[in-house]
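Visitor: Just the structure for this:
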Amino acid sequence: MERILKHLRGEPVEFVRKILHAQADDWQRSALNTLAKSARLAIRSGHGVGKSCLQAWSVLWFLFTRPNARVVMTAPTIRQLYDILMAEISKWLKRSELLEELFEWQKTKVVFKAEPENYYAVARTAAKPENLQGFHAEHLLFILDEASGIGDDIFEAVEGALTGTDNKLLMCGNPTRNSGFFYRAFHEDRELYQTMKVSSAESGRVSDEYCKRLIKQYGEDSDVVRVRVLGEFPKSESDGVIPLELIEAAMMREPARAGELILGVDVARQGNDLTAVAVRLGDDCLAIKTWRHADLMTTTGRIVHLLTELMTKYKRSRAELRIDDDGLGAGVTDRLKEVLKERQIAAQVIACHNGGKSRDNRYSNFITAAMFALRERLEQKLLTLPRDENLAGELSTRRFTLNSADRIILEPKSQYKKRLGRSPDRADALALAFAPLRSRAVLPSFVAGRSHWR
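Guide: Got it, this is the predicted structure:
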């Protein structure tokens, strides 16, 4: 057995084939072989190429082929760490009777049954450096999943542990930002790493339809396609309102689910436009709900149903609805006021005018001010976003310019739609939900008042 283990230590692809009974993709074979021979490997890629699978294989290979091995895994979110990576390890562990005899999978770790205290793989969130300090062993592997979302202070704690001769670092992720240690691994610190790039377009695991859809929706040179398909770092164009890296970071943060319930509603105007509802709870956007091809009364009914459902779910006795009151939204606003009063639902309806004048003289209208206020909250890490690919695309591709009065103006919906063939309804609903409004009157027990904001 010792001879076999020593052989497989240098042959991770053979380990995957013979022990896990799996066939690696070409890029996975290259990555495994590189990891076996190198101390540091950084992989940037598009979505869906099989990163979690590679990381799970790497964990099990390292544990199986080294005595008293230790593996430390981290990621920006609990979901990424436990629901995806640890679940992937569990799946592959069950595929091997030999590994199941030797190792036990637990929610936060995998342990060698005969020596669980010293021989294990453990998952720790990248919330603070202390979580990753104190790990030292002759055979040590650190795995950083979605590495772009992990802070430099966390990486410094990891780097401080990599002092042994058989200590390795595997970093994987979508290249969501042009700064941080993951970015530097492909640029100024490149001599310290073996690096790889894996495009979704070249992966057999990702459908052509997915890649073509994103290219059609956002353009081949957009940051959405660069990051999520090509595995390239974003350009962050100078006329873009919200950089993709801010959006991705907010999607990785864990929601607190505390605070006031607010719905931002962008009502569909024509054709294939969507009615979009952004669900805000305090500093979190929990979801974006959408539908199309509904008349105003049906739309009103859906909003009321969603509102009451959310008030029950989150135990809120009152709520607020912010409607874009320009155009067709006015009809929804009026009917909502009537229905909420009839049903004695304590929700205030606020009529917002996206095209109306902004109270901030830097911006030409309300929606421009709201969108830049949203950017400021993202920069300050004051909100979380749902993992919604369409929302990320709409937010990161909206442009701005200066008007004749030297005020900032957001690219009009009509121009955005002409450029990309779709309307940014989700993004506008989100901006409404988080727009900084003047202080609001306290509601009586069941009043649905109508206030106007410009």
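
Visitor: Show me how the record splits the chain into domains.
Guide: Here the domain assignment for the chain is 2-208, 244-453, based on automatic domain parsing.

Visitor: Next, count neighbours for residue 6.
Guide: Residue 6 has 12 neighbouring residues, counting by other CB atoms under 10 Å. Just so you know, the C-beta spots here come from the backbone N, C-alpha and C atoms, and that holds for glycine as well.

Visitor: For it, give me its contacts.
Guide: By CB atoms under 8 Å, 6 or more residues apart in numbering, the contact list for residue 6 reads residue 65.

Visitor: quick one, phi/psi of the spatially closest residue to residue 119 that is not a sequence neighbour?
Guide: Sequence neighbours aside, residue 112 is the residue nearest to residue 119 in space, at 3.6 Å (criterion: CB to CB, 6 or more residues apart in numbering). Backbone torsions for residue 112, taken as degrees, to the nearest 10, come to phi -80, psi 120.

Visitor: Please report the distance of residue 112 from residue 73.
Guide: 16 Å (CB to CB, to the nearest Å).

Visitor: what about the two, which has more around it?
Guide: Neighbours of residue 112 and residue 73, each counted by other CB under 10 Å, are more numerous for residue 73; the result is 29 against 19.

Visitor: for the helix or strand where that one lies, packing partners?
Guide: Following DSSP states H and E, one finds residue 73 within strand 70-74. When contacts are defined as 3 or more CB pairs under 8 Å, 6 or more residues apart in numbering; DSSP states H and E, strand 70-74 sits against helix 51-65, strand 120-123, strand 139-144, helix 152-161.

Visitor: So which residues make contact with it?
Guide: With CB under 8 Å, 6+ apart, strand 70-74 has contacts from 55, 59, 62-63, 81, 85-86, 110, 118-126, 131-132, 135, 137, 139-145, 150, 154, 158, 161.

Visitor: hmm, which of the residues you listed are the buried ones?
Guide: 55, 59, 62-63, 81, 85-86, 110, 119-121, 123-126, 132, 135, 137, 139-145, 150, 154, 158, 161 (16 or more other CB atoms under 10 Å).

Visitor: So for the protein, which residue is the most central one in space?
Guide: Closest residue to the average C-alpha location of the chain: residue 251 at 3.3 Å, with CA atoms, centre = their mean.

Visitor: That one and residue 285, how far apart?
Guide: 10 Å.

Visitor: and if you look at residue 293?
Guide: Going from residue 293 to residue 285 by CB to CB gives 25 Å.

Visitor: Of these two, which one has the most company?
Guide: The neighbour comparison of residue 293 against residue 285 (other CB under 10 Å) goes to residue 285, with 26 against 11.

Visitor: Surely the more buried one touches residue 386?
Guide: Yes - counting by CB atoms under 8 Å, residue 386 is a contact partner of residue 285 at 6.1 Å.

Visitor: about what we covered before: what touches both of residue 251 and residue 285?
Guide: 384, 385, 386.

Visitor: Relative to residue 359, which of those residues is nearest.
Guide: residue 385 (25.5 Å; CB to CB).

Visitor: can you pull the pLDDT of that closest one?
Guide: Looking at residue 385, its pLDDT stands at 97.

Visitor: do the same with the one 5 residues further on
Guide: The score at residue 390 is 92. That number is its pLDDT.

Visitor: In contact with the nearest residue to it once chain neighbours are set aside, which residues?
Guide: Nearest non-adjacent residue to residue 390, counting by CB to CB, 6+ apart: residue 426, 5.9 Å away. The neighbourhood of residue 426, defined by CB under 8 Å, 6+ apart, consists of 266, 274, 276, 278, 288, 290, 388, 390, 391, 394.

Visitor: Try it again at 10 Å.
Guide: By CB atoms under 10 Å, 6 or more residues apart in numbering, the residues touching residue 426 are 264, 266, 274, 276-278, 288-290, 388, 390-395.

Visitor: With residue 9 instead?
Guide: So residue 9 contacts 15, 36, 61, 62, 64, 65, 66, 139, 166 (CB under 10 Å, 6+ apart).
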